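K.L.:
coords please:
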Amino acid sequence: MTCREVANLLPLFFDGELDARQMRAVALHSTLCNDCEQSLRRLERVQELISDTIIKAADEIDFDGLWPGVERRLSNTRDPWWPRLRVWWSEGEHGWIIRLPAFAAAAVIVALVLLFFAHTPPMSAPPAAPQLAAVDNATSIESLEADVDSVAVLNDPETRTTVLWVNDPEGNESDPGDLP
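P.N.:
Now for the predicted structure:
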């Protein structure tokens, strides 16, 4: 390995981020090369200075009120009622004195619900709508002549409906008997 390659790998070597083969190669080269060994010692010194500075700064911070503040906030939070009930029930100190009436009350509630739904009267059908007599009003238009320019015919075979639309742009009123 050359000094240039080792110089690029020294920070990674120092942090232990190289694979085993590269670690061995950089370590071997730095033991044989005085310049690379000095570079490695400078990295170690920088690491020591940074570590000492951080430790000194952390020692100056007062953490005495930290844990009581955390405890105060933890004690203010409450679990939902269902998990608390489950824990209380499973502890078992109350035994059958509480469990037997609780089971009896649950059974009574279930029985009342079943009784209520079992005896619900069936829903009555709404009164039948009056029936209209079916009339065959089928019509067909064989031809259509008009004195106006705009005439439309709408025919819906499904509903057996025919609509005749006559539009007089001059606004003249016409008698429906005028149309042939």
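K.L.:
show the model's pLDDT score for residue 145.
P.N.:
For residue 145, the model assigns a pLDDT of 70.
K.L.:
and for it, the neighbour number?
P.N.:
7 (other C-beta atoms under 10 Å). For every residue, glycine as well, the C-beta is placed using N, CA and C.
K.L.:
now it, what's its secondary structure?
P.N.:
Of the three states, residue 145 takes coil according to DSSP: H, G, I helix; E, B strand; the rest coil.
K.L.:
could you do residue 153 as well?
P.N.:
Taken by three-state DSSP, the conformation at residue 153 corresponds to strand.
K.L.:
is it in contact with residue 166, as I believe?
P.N.:
No - taking contacts as C-beta atoms under 8 Å, residue 153 lies outside contact range of residue 166: 9.9 Å.
K.L.:
pick out whichever of those two has more residues nearby.
P.N.:
More neighbours surround residue 166 than the other of residue 153 and residue 166, with 16 against 11 (other C-beta under 10 Å).
K.L.:
now the more buried one: closest residue in space, sequence neighbours ignored.
P.N.:
Distance criterion C-beta to C-beta, 6 or more residues apart in numbering; nearest residue to residue 166, sequence neighbours excluded, is residue 151 at 5.4 Å.
K.L.:
can you tell me how far the one you found sits from residue 11?
P.N.:
92 Å (C-beta to C-beta, to the nearest Å).
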